[in-house]
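1. Need a 3D model of the sequence below.
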Amino acid sequence: MEGFPSPFPVRFLRLVIEGETVHTAYVDLAPRGRPSGRTVLLLHGKNFDGGAWEPTARAFAAAGHRVVVPDQIGFGRSSKPALKNYSFELLASNTVALLDRLGVERADVAGHSMGGLLAVRFALRHPARAPKLVLANPVGLEDYRDLVPALPTERLFADELANTDLAAIRAVCRAYVVRWRPAYERNVEIRHRITLGAEYPRWAMASALTYPMAYHQPVVADLRQLRLPVLLVIGQHDRTAIGKPYARFERQVLAFLR
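-> This next block holds a predicted model:
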């Protein structure tokens, strides 16, 4: 992604995970106009990076908020290490380390898709750090083990590695929205650019590992433990689900009839 322009200056936080030095890319936007004194933390989804939040980040900054937008480890401009213990707890801890680096004690958190699942984990593990929570079409609101099979990492990695066709990538991105806009092509271009880089196998492995993370760590049973205001925003046409391509038809029918 070195050749793809970022809408904002990108900085890096050095971390050591499982003995490996990694770097988390992030954007730290200062408020414009009269500062509100609040910070907003934006967490991206599985098929996105922090740059996908550009319009939202600009709107929050214009409203006077400080805005922090990380690329999680394994995504975007961040390092893509081959970790043995890849979990939402790890990503939440990395996010806390970033906020500590920036001197941010508390931040209102907004998470999209897989970032919504991470946002819930963040709020549950670090309740003093998140005064408010916004979940935009989050995954994890159902237990995917009821509908899709567990799959070995080797199968998931092979499928991710083979997903290099531009038309197929565009189809995945189009499935996230009802009305396609030219601005969304940036997500298609970034995803396709990744397939052309030498790090693509590492990216594919990180992407594959998010499947068992979400599969074995649903948050639907934990939502009642949240003790903060939560805004849940779900589009009526949203059909995103972890492992949807692997779901068995008969289980889908039974789930529909229940």
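2. Just the C-alpha atoms of stretch 231-251, please, in CSV.
-> Output of stretch 231-251 as CSV, limited to C-alpha atoms (Å, rounded to 0.1, in the frame of the first residue of the first chain):
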residue,chain,number,x,y,z
LEU,A,231,-26.2,3.0,19.5
LEU,A,232,-26.8,0.1,17.2
VAL,A,233,-27.2,0.9,13.5
ILE,A,234,-28.1,-1.9,11.1
GLY,A,235,-29.1,-1.5,7.4
GLN,A,236,-32.2,-3.5,6.5
HIS,A,237,-30.4,-5.0,3.5
ASP,A,238,-27.3,-6.0,5.4
ARG,A,239,-26.6,-9.7,4.9
THR,A,240,-23.0,-9.8,6.1
ALA,A,241,-22.1,-12.9,8.2
ILE,A,242,-18.8,-14.6,9.1
GLY,A,243,-18.4,-17.7,7.1
LYS,A,244,-21.4,-17.1,4.9
PRO,A,245,-19.9,-18.8,1.8
TYR,A,246,-19.3,-21.9,3.9
ALA,A,247,-22.8,-22.1,5.4
ARG,A,248,-24.7,-25.3,4.6
PHE,A,249,-28.0,-24.7,2.8
GLU,A,250,-30.1,-26.8,5.1
ARG,A,251,-28.9,-24.9,8.1
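3. Name the residues of it that come out as buried.
-> Within stretch 231-251, the residues that count as buried by 16 or more other Cβ atoms under 10 Å are D238, T240, A241, I242, G243, Y246, A247. To be clear about C-beta, it is placed using only N, CA and C from the backbone, and glycine gets the same treatment.
4. ok, R239 touching V178?
-> No. If you go by Cβ atoms under 8 Å, R239 and V178 don't touch, sitting 11.0 Å apart.
5. If we only consider the buried residues of stretch 231-251, which is nearest to E199?
-> The closest of these to E199 turns out to be I242 (Cβ to Cβ; 23.8 Å).
6. which residue packs closest to that closest one, ignoring adjacent ones?
-> A214 (4.3 Å; Cβ to Cβ, 6 or more residues apart in numbering).
7. pLDDT value on the residue nearest to L228 when sequence neighbours are not counted, please?
-> Spatial nearest neighbour of L228, excluding adjacent residues (Cβ to Cβ, 6+ apart): L133 at 5.8 Å. According to the prediction, L133 has pLDDT 98.
8. neighbours of L133, just the number please.
-> The local packing of L133 (other Cβ atoms under 10 Å) involves 20 other residues.
9. how much space between it and L43?
-> Going from L133 to L43 by Cβ to Cβ, to the nearest Å gives 10 Å.
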